[in-house]
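Novice: Structure, please.
(one chain, ligands or ions: 1)
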Amino acid sequence: MIGIFDSGSGGLTVLKEIRQRLPGADVVYFGDIKNAPYGVKSPEELIALTAAAIELLKSRGATHIVSACNSVSAALAVSNAPTDMIEMIEPTVAAFKQSPAKILLMATPATINAEIYQNAFKAIGIGIETLAIPELAGAIEFGQSEADIEKIISDALAKVDCSSFDTLVLGCTHYPFARAAFQKVLPETTIVDPAIAVAEKVASSFAEEGGGSTAFLISKDSEPFRNRVQSLFGATTDMIAVLK
Ligand code: DGL
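Specialist: Numbers count the residues shown, from 1 in each chain. Okay, the predicted model is just below:
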């Protein structure tokens, strides 16, 4: 069984891509909404939350883990992460090998400050620009209006020279929910959702075991989460369990 975790809804964008490639795999998904957003937390807090999320998924039968959260990537090296685990950054960066793209990476402060993306791109000879948006993941998670989300994005981009990049990498799994707003603010920019490269790696690395079931666990009830599950997977709400 594949176990997937994130701070909340963001990982659903990754699960959606995995589902298209592995329709028959059993999946258990954990969204840690009680502790969301992760991207403004300290490395120590993220290490503890990552270890707890992996333990929870394993206790529910997960044999393979997908970290669908960029913000915890630095924590994976020092938590109890199993070796049969796939995280966001390595597959995303690998997909850009030999690419001439001029990249802006937008992500949470935890992801940008950990410098894992910068170092991984550097290792394949690509320099990138980065921009942290502290408020965006929480605004998406807790269902702020499209107008608010567009304003957060355009205010953040006012700090950078938009002629210096042609490709935007969505370095937070929540951001694909705001893809239309990003494209509106940056109409000429190519937007890359890392979920595709990650799902391809999952499909080529993990066996399609089970009968295609999906169980959702959340640490706090959330209407926006329930609505997203419904619209992405058509799932009935009894597939969502709120942890006590
Ligand atoms: N979706 C996660 C990420 O990719 C976490 C965002 C957050 O909770 O701040 O970074």
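Novice: In contact with Tyr29, which residues?
Specialist: 3-5, 11-12, 15, 214-217 (C-beta atoms under 8 Å, 6 or more residues apart in numbering). The way it works is simple: take the backbone N, C-alpha and C, and place the C-beta from them, glycine included.
Novice: export the residues you listed to TSV and tack on neighbour count and distance to the ligand?
Specialist: What follows is these, written out as TSV (neighbours: other C-beta atoms under 10 Å; distance: C-beta to the nearest ligand atom, whole Å):
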residue	neighbour count	distance to the ligand
Gly3	27	16
Ile4	27	12
Phe5	25	10
Gly11	25	7
Leu12	26	10
Leu15	26	12
Thr214	18	19
Ala215	17	20
Phe216	22	16
Leu217	19	16
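Novice: so of these, which ones are in helices?
Specialist: 11-12, 15 (DSSP state H).
Novice: just curious, which of those is nearest to Thr50?
Specialist: Set against Thr50, the nearest of those by C-beta to C-beta is Gly11 (12.9 Å).
Novice: what about the residue nearest to the closest one when sequence neighbours are not counted, neighbour count?
Specialist: Spatial nearest neighbour of Gly11, chain neighbours left out: Ala68 (3.0 Å); criterion: C-beta to C-beta, 6 or more residues apart in numbering. Neighbour count of Ala68, defined by other C-beta atoms under 10 Å: 30.
Novice: Which residues of the chain lie near the ligand?
Specialist: Proximity of the chain to the ligand, by C-beta under 6 Å from any ligand atom, involves residues 6-7, 10, 36-39, 69-71, 108, 111, 137, 172-174.
Novice: got a list of what the residue nearest the centre of the chain touches?
Specialist: The centre of the chain sits closest to Thr173, judged by C-alpha atoms, centre = their mean, with a distance of 2.6 Å. Residues in contact with Thr173 (C-beta under 8 Å, 6+ apart) are 6, 10-11, 13-14, 68-70, 88, 194-195.
Novice: As TSV, the residues you listed with pLDDT would be great.
Specialist: Compiled in TSV, the contacts of Thr173 are given as follows (pLDDT from 0 to 100):
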residue	pLDDT
Asp6	98
Gly10	98
Gly11	98
Thr13	98
Val14	98
Ala68	98
Cys69	98
Asn70	97
Met88	97
Pro194	98
Ala195	98
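Novice: neighbour-wise, which of those leads?
Specialist: Cys69 (34 neighbours).
Novice: Could you report the distance from that residue to Asp6?
Specialist: Using C-beta to C-beta, to the nearest Å, one gets 4 Å for the distance from Cys69 to Asp6.
Novice: what are the ranges of the helices in the protein?
Specialist: Going by DSSP H, the chain shows helices at 10-21, 43-59, 73-76, 89-94, 109-114, 116-123, 136-141, 146-157, 179-185, 195-205, 223-233.
Novice: before we move on, back to that, which of the contacts of Tyr29 sits closest to Ile47?
Specialist: Nearest to Ile47 among these, with distances taken as C-beta to C-beta, is Phe5, at 14.0 Å.
Novice: Surely that closest one and Ala75 touch.
Specialist: No. Look at Phe5 against Ala75 with C-beta atoms under 8 Å: they stay out of range, at 11.7 Å.
Novice: Please report the distance of Lys102 from Gly127.
Specialist: Distance of Lys102 to Gly127, given as C-beta to C-beta: 9 Å.
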